[in-house]
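Visitor: let me see the structure of the following:
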Amino acid sequence: MADDNSLAASLNGGDYSNIYGIIDKDNVHGLNLTVPEDAKAVIKPWDQRDDTEYYAESGVDDQMIIHVPFTQNVKLKSVLLKLGRGETTPRHLRIYANHPTIVDFSDADNTKPQVDISLLEGETGVMEYPLRVAAFTSITSLSLFFSESVGGDSSQLYYLGFKGELRTPQKDANTKLDIPAANAADAALFDRLAEKSGGQQTTAR
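Guide: This is a model prediction of the structure:
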């Protein structure tokens, strides 16, 4: 599968289609984390993306899986990541879509991912990795498998987010979607999605 490195781009502010409000945060969980609950800690509002107090760290080795369910069907356009620094930077990410039955690493190894990404090293901010929309058009959950850290002992992740849009069309254009928004910008986002407004997205093809 093609390397998506050339498509990674640093974000220049704003969260036009950040779908933080559609993540089922209560049911986010991780495998091989030093503290299992830390899987939820990396799901943060956009304005907390640079926070480094809370993060997820792998346990016995540098592999970890974070499972992220959504409250509604979504079409994903990109994944947003702030990775650990130095030797804790994972260099490889496999993303499995709609595979809630992935319960251990052997399941992941025996399942073909929708995308296989080589992650950038040396970046200190949030990086956006565009996805091939055709493979992520009707998503209810994702399993993200991080591995191959620079130091080989552990991997860290500070922020995990996504850009996309609701898959289910709004029935009543005059009724706002009842989705908890991270902030006022997110609330405006859902209004724009309801109006089927286009966005400036760069996606893999």
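Visitor: show me what contacts L157?
Guide: 42, 55-57, 64, 66, 81-84, 90, 146 (CB atoms under 8 Å, 6 or more residues apart in numbering). (C-beta placed from N, C-alpha, C; glycine too.)
Visitor: one more pass at 10 Å, please.
Guide: 30, 33, 38-39, 41-42, 55-58, 64, 66, 81-84, 88-90, 93, 144, 146 (CB atoms under 10 Å, 6 or more residues apart in numbering).
Visitor: mind listing which of these are in strands?
Guide: For these, the ones inside strands are 30, 56-57, 64, 66, 81-83, 90, 93, 144, 146, with DSSP state E as the criterion.
Visitor: from those residues, which single one is nearest G122?
Guide: Of all the ones in strands among the contacts of L157, L83 has the smallest distance to G122: 9.8 Å, by CB to CB.
Visitor: shouldn't the closest one be in contact with V126?
Guide: Yes: judged on CB atoms under 10 Å, L83 makes contact with V126 at a distance of 9.4 Å.
Visitor: between those two, which contacts overlap?
Guide: Common neighbours of L83 and V126, counting by CB under 10 Å, 6+ apart, are 158-160.
Visitor: which among the residues you listed gets closest to T137?
Guide: Nearest to T137, judged by CB to CB, of the shared contacts of L83 and V126 is L160 at 20.7 Å.
Visitor: per-residue pLDDT, the closest one?
Guide: The predicted local distance difference test score for L160 is 98.
Visitor: bridged to it, which residues?
Guide: L81 (DSSP bridges).
Visitor: redo the ones in strands among the contacts of L157 as TSV? Include neighbour count, pLDDT and distance to P100.
Guide: Listed next are these as TSV, based on neighbours: other CB atoms under 10 Å; pLDDT from 0 to 100; distance: CB to CB, whole Å:
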residue	neighbour count	pLDDT	distance to P100
G30	27	95	14
A56	26	98	19
E57	18	98	24
M64	27	97	17
I66	22	97	13
L81	26	98	22
K82	23	98	25
L83	28	98	25
P90	24	98	22
L93	22	98	19
L144	21	97	13
F146	28	98	18
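Visitor: distance from the chain centre to the strand or helix carrying V79, please.
Guide: V79 is located in strand 64-83, with elements delineated by DSSP states H and E. Centre-to-centre, strand 64-83 and its host chain are 3 Å apart (CA atoms, centre = their mean, to the nearest Å).
Visitor: gap between the nearest residue to P100 once chain neighbours are set aside and L76?
Guide: Spatially, and ignoring its direct neighbours in sequence, P100 is nearest to S141 (5.2 Å; CB to CB, 6 or more residues apart in numbering). Distance of S141 to L76, computed by CB to CB, to the nearest Å: 11 Å.
Visitor: find the residues that touch each one of the two.
Guide: By CB under 10 Å, 6+ apart, the residues touching both S141 and L76 are 70, 97.
Visitor: between the two, who's got more neighbours?
Guide: The neighbour comparison of S141 against L76 (other CB atoms under 10 Å) goes to L76, with 27 against 17.
Visitor: shouldn't that one be in contact with A134?
Guide: No: under the criterion of CB under 10 Å, L76 is not in contact with A134, lying 11.0 Å apart.
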